[in-house]
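1. The sequence and its predicted three-dimensional model are supplied below.
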Amino acid sequence: KNEVEQSPQNLTAQEGEFITINCSYSVGISALHWLQQHPGGGIVSLFMLSSGKKKHGRLIATINIQEKHSSLHITASHPRDSAVYICAVKRGAGDYGGSNYKLTFGKGTLLTVNP
Amino acid sequence: DTEVTQTPKHLVMGMTNKKSLKCEQHMGHRAMYWYKQKAKKPPELMFVYSYEKLSINESVPSRFSPECPNSSLLNLHLHALQPEDSALYLCASSQGVLRAEAFFGQGTRLTVV
């Protein structure tokens, strides 16, 4: 089982719809990233979360540390939101000597928003 | 300035060529990373530099040779690559190795022919 699981793998929506992408993880973390990658493009960091909720424009990210779960919401979706959204976690300090120097990535969610 | 700049954006090279990828950041970050990403896969970590010293090599073949000339620059020297090395190469930086927030560059799309 992957340490970071995202759902759904693929998501198609109509312009204007409210979108939710989910991320569950199985390790202790110090922070969680939501990243965006357009086809063939580089990665843009949308949010870094260690608790609670963050909002930027039409994007909202939440994290529940006890449940080891995070969600990315997009309100009033637009075709330009079409991209792969990736959840990535940084392991907690207790994992030093393990892999806490690197991000562990989910497999991504491909979002297509149709006009 | 929160940018990580990578050059070139695209590179085509033969298996006998020597080329270099460049990465630059001016955020004062002391940790810099190289990732390799194949199509429809998540990025895979290759190297980590901390305070200009190589701290992590994720068992990367020696045909990839990283270099950190100063705290703002990170290079990846390529020699005798194979077609299967064709991928998107991403550079990232963070304030420190254990600090979580990473900033990514736009990547270099490498094709080995």
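-> Received it, and whenever you're ready, just let me know what you need.
2. Only alpha carbons, please: show stretch B:103-112 as CSV.
-> Extracted as CSV, the C-alpha positions of stretch B:103-112 are listed here (Å, rounded to 0.1, in the frame of the first residue of the first chain):
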residue,chain,number,x,y,z
PHE,B,103,9.5,25.5,-4.4
PHE,B,104,9.8,23.8,-7.8
GLY,B,105,11.1,24.9,-11.1
GLN,B,106,9.3,24.4,-14.4
GLY,B,107,11.6,21.6,-15.3
THR,B,108,13.8,20.6,-18.3
ARG,B,109,12.2,18.2,-20.8
LEU,B,110,15.1,15.9,-21.8
THR,B,111,15.0,13.6,-24.8
VAL,B,112,17.8,11.2,-25.3
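3. quick one: it near chain A?
-> Yes: where contact is defined by CB under 8 Å from any CB of the partner chain, part of stretch B:103-112 touches chain A, namely B:103, B:104, B:105, B:106, B:107, B:109. All C-beta atoms are positioned from the backbone trio N, CA, C, and that covers glycine.
4. Could you check how far that stretch is from the centre of its chain?
-> 8 Å (CA atoms, centre = their mean, to the nearest Å).
5. repeat for stretch B:18-36
-> Here stretch B:18-36 is found 5 Å from its chain centre; the criterion is CA atoms, centre = their mean.
6. tell me which residues in it are buried?
-> By 16 or more other CB atoms under 10 Å in any protein chain shown, the buried positions in stretch B:18-36 come out as B:19, B:21-25, B:29-36.
7. what's the farthest-apart pair in those?
-> B:19 and B:30 (26.7 Å; CB to CB).
8. if we can go back for a sec, compile the buried residues of stretch B:18-36 into CSV and extend it with columns for pLDDT, distance to residue A:36 and secondary structure.
-> Output for the buried residues of stretch B:18-36, formatted as CSV (pLDDT from 0 to 100; distance: CB to CB, whole Å; DSSP: H, G, I helix; E, B strand; the rest coil):
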residue, pLDDT, distance to residue A:36, secondary structure
B:19, 97, 28, strand
B:21, 98, 22, strand
B:22, 98, 24, strand
B:23, 98, 20, strand
B:24, 97, 22, strand
B:25, 96, 19, strand
B:29, 91, 20, coil
B:30, 91, 26, coil
B:31, 91, 22, strand
B:32, 93, 21, strand
B:33, 94, 18, strand
B:34, 96, 20, strand
B:35, 95, 16, strand
B:36, 96, 19, strand
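9. Give me the subset of the residues you listed that also touch chain A.
-> Of the residues in the buried residues of stretch B:18-36, proximity to chain A by CB under 8 Å from any CB holds for residue B:33.
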